[in-house]
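A.B. asks: I'd like to go over a predicted model; first the sequence, then the structure.
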Amino acid sequence: MQTAPKSIHYNREARLLTLTWSDALAHELSAEFLRVHSPSAEVRGHGIGQSILQTGKKNVSISGLEPAGRYALKIIFDDGHDSGLYDWTYLRSLGDNKQALWQEYLDKLAETGQSRESMFISVKQL
């Protein structure tokens, strides 16, 4: 199992979580990227091939970070999602494979005609 990052920093304005590992490698992961790759059952489903494509998450932010023992980070998103525990190995894998995972996500959106943009329109906009 991967050891905990040496440092964890969230930039609210940029909506970027920066993880610096003991080997000095740093990963910058956007809130949107983390949200659409949540390890929760809500995103992954309850079995193989049951994942649920997350859409409309372009402007999601992280509203809280909580340690989960010594092995994971609970990320709380401003859209109310808070059920995924991101263990250190998973976070390292997300960072190491970010470009391929992001492209796969964009491809799935395109294949299904979905969007990163939120589909909700506020009453004030009408």
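C.D. replies: Structure received. Numbers count the residues shown, from 1 in each chain.

A.B. asks: what about the helices in this structure?
C.D. replies: For the chain, helices defined by DSSP state H occupy the ranges 31-36, 41-44, 88-96, 98-112.

A.B. asks: Let me know the pLDDT of the most centrally placed residue in the chain.
C.D. replies: With distances taken as Cα atoms, centre = their mean, the residue of the chain nearest its centroid is Leu34 (0.8 Å). Per-residue confidence at Leu34 stands at 98 (pLDDT).

A.B. asks: Which residues does stretch 23-32 contact?
C.D. replies: By Cβ atoms under 8 Å, 6 or more residues apart in numbering, the residues outside stretch 23-32 that reach it are 15-21, 57-62, 77, 91-92, 94-96, 98, 116. Where C-beta positions appear, they are placed from N, C-alpha and C, glycine not excepted.

A.B. asks: Return the subset of these lying in strands.
C.D. replies: In this view, the contacts of stretch 23-32 that belong to strands under DSSP state E are Leu16, Leu17, Thr18, Leu19, Thr20, Ile62, Phe77.

A.B. asks: who are the neighbours in contact with the fifth one?
C.D. replies: Counting by Cβ under 8 Å, 6+ apart, Thr20 touches Pro5, Lys6, Ser7, Ile8, His9, Ala26.

A.B. asks: Which residue, other than its chain neighbours, is closest to the third one?
C.D. replies: In this case it means Ser7. Closest residue to Ser7 apart from its sequence neighbours, by Cβ to Cβ, 6 or more residues apart in numbering: Thr20 at 4.5 Å.

A.B. asks: What residues are bridge-paired with that neighbour?
C.D. replies: Ser7, Ala26 (DSSP bridges).

A.B. asks: State the distance from it to Glu66.
C.D. replies: Taking Cβ to Cβ, to the nearest Å as the measure, Thr20 falls 19 Å from Glu66.

A.B. asks: cool, Glu28 as well?
C.D. replies: 20 Å.

A.B. asks: neighbour count winner among these two?
C.D. replies: A count of neighbours by other Cβ atoms under 10 Å puts Glu28 above the other of Glu28 and Glu66, at 14 against 11.

A.B. asks: Sketch out the low-pLDDT regions of this structure for me.
C.D. replies: 119-126 (pLDDT under 70).
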